[in-house]
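In: Everything below, folded, please.
(one chain, ligands or ions: 1)
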Amino acid sequence: MHKTQLGMHLVWDRERTLALYIGGGVCSCLLPHGSPMVRTGPAVLAPFRLDNAVLMASVDHSADALRRALRTIPDFPKPGIQFQDITPLLADPNLLARAADVLAAPFADSGITQVVGIESRGFILAPLIARQLDAGFVPVRKEGKLPHDTIATSYELEYGTDTVEVHADALDADDCVLIHDDVIATGGTAAATAHLVAQTDAALAGFSFLIALTDLNGRDALPADAPVHTVLPVAGA
Ligand code: AMP
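Out: Next comes the predicted model:
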């Protein structure tokens, strides 16, 4: 990450988008390469043009910054699991904003109306992604946690089954849905969530995960025709 003389942090990522962070994450924005206008959430900056030559000198792949903030906890919550702890990333205001930006960016033009977050760590970033996309947030929870009428689906675990639910009135034919979780491992939870969405009249636009445990091939459990965006592949977990 490069600090400019203006105190801004410039980050250039592989999708050829530019993120600009100003002063401790008070403002953040994401704009396509070559865009003359800097757009921000709470504030709008004056039109702003970047010189590519200058920009290329300030390259730091933002995914690397996110990756550096991950922490692997061996044998948690049980022996053999390499737990991917995202709490250091969440505690950094710039990285928190950046994570939401990169998770939302590929779906900026997909007409997303609802971001479905999966209990429990999917609840952390899903509302931030929803804000980026001007969409709402819908929680998918474990059985018995949602207070109103629900639709449920069960899926296989290594030992036994688990059930996820969504409110029956949460999604309708006008909705276009992005499913988010922090981690995709086997893909079972996300596939069950897609099955829930399929039981409504909503359209599924795709999936967005911060971390993919690549050895477990979770992508293969998801609908083949749905776009799956993952930011940080992790092998050997
Ligand atoms: P799966 O259904 O196997 O794709 O598991 C995905 C769910 O389990 C997500 O909600 C993750 O939060 C959680 N999870 C699975 N493996 C890990 C891991 N190694 N580190 C952190 N969370 C994990």
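In: can you pull the contacts of the residue lying closest to Arg121 once chain neighbours are set aside?
Out: Spatially, and ignoring its direct neighbours in sequence, Arg121 is nearest to Asp182 (4.1 Å; Cβ to Cβ, 6 or more residues apart in numbering). Bear in mind the C-beta positions are built from the backbone N, C-alpha and C, glycine included. Residues near Asp182 by Cβ atoms under 8 Å, 6 or more residues apart in numbering: 84, 86, 121-122, 124-125, 209-211.
In: Confirm that Asp182 sits in a helix.
Out: No. If the criterion is DSSP: H, G, I helix; E, B strand; the rest coil, then Asp182 is strand and not within a helix.
In: ok, Ala202 touching Val166?
Out: No. Counting by Cβ atoms under 8 Å, Ala202 does not reach Val166; the two are 10.1 Å apart.
In: Need the pLDDT of the residue nearest to Arg121.
Out: With respect to pLDDT, Asp182 scores 98.
In: what's the spacing between it and Ala100?
Out: For Asp182, the distance to Ala100 (Cβ to Cβ, to the nearest Å) stands at 12 Å.
In: Same question for Asp162.
Out: For Asp162 relative to Ala100 (Cβ to Cβ), the value is 27 Å.
In: got it, and Pro233?
Out: Per Cβ to Cβ, Pro233 is found 19 Å from Ala100.
In: Over to Ala235?
Out: 25 Å.
In: ditto for Asp215
Out: 27 Å.
In: now swap in Glu119 and tell me
Out: For Glu119 relative to Ala100 (Cβ to Cβ), the value is 19 Å.
In: Which one's more surrounded, these two?
Out: Ala100 (24 against 17; other Cβ atoms under 10 Å).
In: for the ligand, what are the nearby residues on the protein?
Out: Within the chain, the positions near the ligand by Cβ under 6 Å from any ligand atom are 81-84, 118, 121, 181-190, 213, 218, 237.
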